[in-house]
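*Asks:* Sequence and predicted structure are below.
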Amino acid sequence: MNIDSNIDSKTLFSPFTLVNLTRSIDLNALQPDTSLGSQISLNSSQFNLSNNQAAKCFIQSNDLCGQNLFVGTNNGLLIHYLILYDSETQDYTLKLEQKKYLGLGKKPIDSILAVPTEGKLIILCDFTLYFVHMEDFEFLNSTDAPIIKGVTHFCSDKVINSPARFSVGKRRMLQNWSLSETLHLEKEISITDGVVTMKRFQFQILFSDFQQNYCILNSSNSKILKLLNFDKNLIPKPLILSINKSEFLFVINTQKDGKNTGLGMFINDNGDPVRGTLNWETIPKSVAYHYPYILSLLNDNFIQIHSIFTQQLLQTIKIPDPDTQPMYFGESLFFFESTIKLEADKASESFIKITLCCKNAVLGLRLNSLETQVEEMFNLGLIKEAVKFHDDINFDKETVNEIEDKKLKLKNFKIYLKAAIKLLELNLFQESLSYFKKFNLDPLIYIKLFKDDIEFINFQTLENKIEKKKLEDVNFKEFNYDFFNTTIDTIVTIHIEKKNLKKTTRNELKNRLFCEARDSLLEYLLYCRSNNFSLDGLEEIDICILQLYCKTSQSKQLYAFLLTSGHNFSGDIEACELYLMKQKRYYALSLLYKSQNLTEKLLELWKRMATEELIDPDFSGLLEIVEFLKKLDDFNLVCKFSKFIINLDPILGSKIFTERTQEFDINEVLKFFESINEDSLIPFLEYIIEVKGIMDEEKHTQLAILYLKELMSVAKRKDFINMALVYKKESKNFTFLKFLKTRLKNFSILTDETEKSHQILVRRLKLVNFLYNPTSNFDVHLINKRLEDFLSLEKVAIFKKLKEHEKVLEILVKDIGDDLGCEEYILNLNCSKDTTVLNDMKNLESAIMFNDEKFDFQFSKVNEKFCFQTTLYMRRNLLKYLIRLYLRPEYGYEPVYFLN
């Protein structure tokens, strides 16, 4: 029967139930009139011994093996009970199967180990191990199984097979034995400080020694690793558990707020800590492990249950009768390693694997089935805890076949769906997402909840698609989707109405919850889309994502979504247009056009935004259109939408044609630019001449004329004359060309007054540079006719190309007064192979007079070129003389001779 126990306030839920397995052991049980096979009812009136009986006989040890309970007493009595369970009354009944004094001088039976694979019991009495038959309690033949003396402790594997293997601890050694029909010593290992307690799992053994140390032993190689020590005054009997083949638990004492407390540490077979730690306010008397829990017996007659996964305290059970005198836990062995989790999963109301040995009773801790525990946690509102518990116990469960595997998956999916729905009911939208993802909820079903919020979706078509999937998916009918027939508005409203809030507060909360709901739907749809889930509903998913991005003001994410490939708006493109226009999301609409290859609609919309007919702050302007047109191969479409850009910004507009990877026909482009205006033609002509290297005279001439027109559109005759006058007055240290370039650099800040002068300089230098460029292939005579006389520097370039050197020098001296320009011009001619100039210079040699030795003049011929080497003063006088020689007499110049 169940024992009424007080549940501590810290209890989250109740995985275990405390039950009474035996009535009090009574001296009358040894009398002949108590026959074998008689049934003993376990009721509350028989729970305790009388004080007189308790003084004479009490329980010393017990072991549980399936339905078989073996009890050893302090006076050497060994009893075998068969535990029967009545599911209707939920009572336990004991059937006495066997009882016997072992004839060991009425010494206490300290420990019992049932070995079901061999049908034997191992008994520890007075530091000696005895081996008896489970059926009749007769000792084994001493030849086959001799007694083992000097035993301080012994244990078997957590998982036993045949032959059964167990370890024996002594004062100076540890022995590994195997038991079948005979007893066999497998290995003997020297242990300097002996063995107090131990637990083993196959060849890994965790033990405590007499020097108060915990140690781990690998019995396959006899290596011992010392771990931590303990205080025997606080922990008289060291506490050790075997968790699995590579994990153990031991308990040490520690200090907290000046008090001695218990600390449970999980370690692997290398001695390294794993998991977290268990904490007790006092040091436990005993600990036990029943997957997936750690049980601890405290001195105040309380039992605590901790989760092995989270180390969280889940349940506290109070033993109701203080006279029970609980001593220690007993763990039932498992036959095969794979059954540890399986048996826990199949736990029923009668399933018991942990006993609590008391002086006058044996209690059992019945584990409720794991499914029952999960359901209890759901009912208590511990939703996340329930799912995590379910996942933990099924993490590495092995299924026998494909059918079992399918059942397990369906079971998991039902848990995930149930958790997600409960969290939705609590308006915990973000938390529900992880479970929808694990369940793989069809996104169309989730969208149904938002039918009052999402526009332009045909929900009847959506319902038809869901019904079609129900017919195609055999697992669809396994789940209950009735919850999704409501709406998100209803879910939020019901949740808010449960709260006593003011109207304004309710409205604010409702708006916030709606935003959270939309965010969760958006995140889930993006997750489904990235995992190619429900491709049949991609159209509804994409339309929903588009609207949710707009409603949640996630512009950057919306644009990124629209620019990715694989959208399916084709069925409702007009609906999306109407929605985005209604929301004034013009730039988003343009990207929608772009993703659907609606190029003309895209460019038309961009044009309206660029001309500010439609306003959208996210549109980056003309540059974005230019970059798009650069990559467009449709010449007619490019011309159609680049025309307005060229009118606004000719240089930017020309880049559509000059920075292309796939170029158009040059003549076609020129015709297009000519149809707009002459100014727009200049950047493209510059591109084909300077970058493409086109040497066509007509195009070079056309560019020169356009430069000239551009200059004369802002400058008058007086502007050019003033430039020359300023030069003659201020800048005799520069050539005229350098003077102009320097003035241009000095325009650091432009004003209304200086803007015109700046434009004149820029345009004039552009023309001059082109005319001076030796690669410019324009019609010199035609350009000469178009140049006005006051364009002196431009005329110099023309006469230079015509090799009319006298006119060049005449302009430099008379019109500009550029002595340095003359000098540079003569020196450049001297370095050329112009034979006319060379001959003229040779004739000068005899006409030059030197009246001072410091003006040393040397005239030498090097590779048919002549070079003068003299002082600066001598060079300038020579150049002036040479200029006067080329000039006509009517200019009024007289010959100059070199004087002292």
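*Replies:* Good, I have the coordinates.

*Asks:* Just want the phi and psi numbers for residue 709.
*Replies:* phi -60, psi -40 (degrees, to the nearest 10).

*Asks:* residues in contact with it?
*Replies:* For residue 709, the contact set (C-beta atoms under 8 Å, 6 or more residues apart in numbering) comprises residue 678. To be clear about C-beta, it is placed using only N, CA and C from the backbone, and glycine gets the same treatment.

*Asks:* For residue 783, see how far away it is.
*Replies:* Relative to residue 783, residue 709 is positioned 12 Å away (C-beta to C-beta, to the nearest Å).

*Asks:* residues in contact with the helix or strand harbouring residue 250?
*Replies:* Counting by DSSP states H and E, the element that carries residue 250 is strand 247-256. With contacts defined as C-beta under 8 Å, 6+ apart, strand 247-256 is touched by 199, 201, 204, 206, 208, 214, 216, 227-231, 234-235, 238-243, 260-269, 274, 278, 283-284, 287, 289, 294.

*Asks:* quick one: strands adjacent to that strand?
*Replies:* Strand 247-256 has the following sheet partners, assigned by DSSP bridges: strand 240-244 (antiparallel), strand 259-268 (antiparallel).

*Asks:* Deepest-packed of those strands, please.
*Replies:* strand 240-244 (a mean of 21; mean count of other C-beta atoms under 10 Å).

*Asks:* what pLDDT, on average, does that one get?
*Replies:* Here strand 240-244 scores 89 as its mean pLDDT.

*Asks:* How about stretch 429-440?
*Replies:* Rounded mean pLDDT across stretch 429-440 is 92.

*Asks:* If you count neighbours, what's buried in that stretch?
*Replies:* Neighbour-count burial for stretch 429-440, with 16 or more other C-beta atoms under 10 Å as criterion, is recorded at 429, 431, 432, 433, 435, 436, 437, 438, 439.

*Asks:* could these go into JSON lines alongside secondary structure and distance to residue 549?
*Replies:* Below are those laid out as JSON lines (DSSP: H, G, I helix; E, B strand; the rest coil; distance: C-beta to C-beta, whole Å):
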{"residue": "429", "secondary structure": "helix", "distance to residue 549": "17"}
{"residue": "431", "secondary structure": "helix", "distance to residue 549": "22"}
{"residue": "432", "secondary structure": "helix", "distance to residue 549": "21"}
{"residue": "433", "secondary structure": "helix", "distance to residue 549": "17"}
{"residue": "435", "secondary structure": "helix", "distance to residue 549": "24"}
{"residue": "436", "secondary structure": "helix", "distance to residue 549": "20"}
{"residue": "437", "secondary structure": "helix", "distance to residue 549": "20"}
{"residue": "438", "secondary structure": "helix", "distance to residue 549": "25"}
{"residue": "439", "secondary structure": "helix", "distance to residue 549": "25"}
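
*Asks:* Tell me the one among those nearest to residue 512.
*Replies:* Nearest to residue 512 out of these is residue 429 (C-beta to C-beta; 10.9 Å).

*Asks:* Quick check: the gap between the nearest residue in space to that closest one that is not next to it in sequence and residue 544.
*Replies:* Distances taken as C-beta to C-beta, 6 or more residues apart in numbering place residue 520 nearest to residue 429, at 3.8 Å, with adjacent residues excluded. Distance from residue 520 to residue 544, counting by C-beta to C-beta: 13 Å.

*Asks:* Pick out whichever of these two has more residues nearby.
*Replies:* Under the neighbour definition other C-beta atoms under 10 Å, residue 520 and residue 544 were set side by side, and residue 544 has more, 26 against 21.

*Asks:* Who are the contact partners of that one?
*Replies:* Counted by C-beta under 8 Å, 6+ apart, residue 544 has contacts 447, 450, 454, 457, 521, 525.

*Asks:* Repeat that for residue 478.
*Replies:* Residues in contact with residue 478 (C-beta under 8 Å, 6+ apart) are 410, 413, 414.

*Asks:* most neighbours, which of these?
*Replies:* Most neighbours among these, by other C-beta under 10 Å: residue 413, with 18 neighbours.

*Asks:* helix or strand for that one, which one?
*Replies:* Under the assignment here (DSSP H and E), residue 413 is part of helix 402-425.

*Asks:* got the CA positions of that helix in PDB?
*Replies:* Presented in PDB, the C-alpha positions along helix 402-425 are these (Å, rounded to 0.1, in the frame of the first residue of the first chain):
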ATOM      1  CA  GLU A 402      11.500   0.300 -37.800                       C
ATOM      2  CA  ILE A 403       8.000   0.000 -36.200                       C
ATOM      3  CA  GLU A 404       9.400   0.900 -32.800                       C
ATOM      4  CA  ASP A 405      11.400   3.700 -34.300                       C
ATOM      5  CA  LYS A 406       8.200   5.200 -35.900                       C
ATOM      6  CA  LYS A 407       6.300   4.900 -32.600                       C
ATOM      7  CA  LEU A 408       9.000   6.800 -30.800                       C
ATOM      8  CA  LYS A 409       9.000   9.500 -33.300                       C
ATOM      9  CA  LEU A 410       5.300   9.900 -33.200                       C
ATOM     10  CA  LYS A 411       5.500  10.000 -29.400                       C
ATOM     11  CA  ASN A 412       8.100  12.800 -29.600                       C
ATOM     12  CA  PHE A 413       6.100  14.800 -32.100                       C
ATOM     13  CA  LYS A 414       2.900  14.600 -29.900                       C
ATOM     14  CA  ILE A 415       4.900  16.000 -27.000                       C
ATOM     15  CA  TYR A 416       6.300  18.900 -29.000                       C
ATOM     16  CA  LEU A 417       2.900  19.800 -30.500                       C
ATOM     17  CA  LYS A 418       1.300  19.700 -27.000                       C
ATOM     18  CA  ALA A 419       4.100  21.900 -25.600                       C
ATOM     19  CA  ALA A 420       3.800  24.400 -28.400                       C
ATOM     20  CA  ILE A 421       0.000  24.700 -28.100                       C
ATOM     21  CA  LYS A 422       0.200  25.200 -24.300                       C
ATOM     22  CA  LEU A 423       2.800  27.900 -24.700                       C
ATOM     23  CA  LEU A 424       0.600  29.600 -27.400                       C
ATOM     24  CA  GLU A 425      -2.300  29.600 -25.000                       C
END
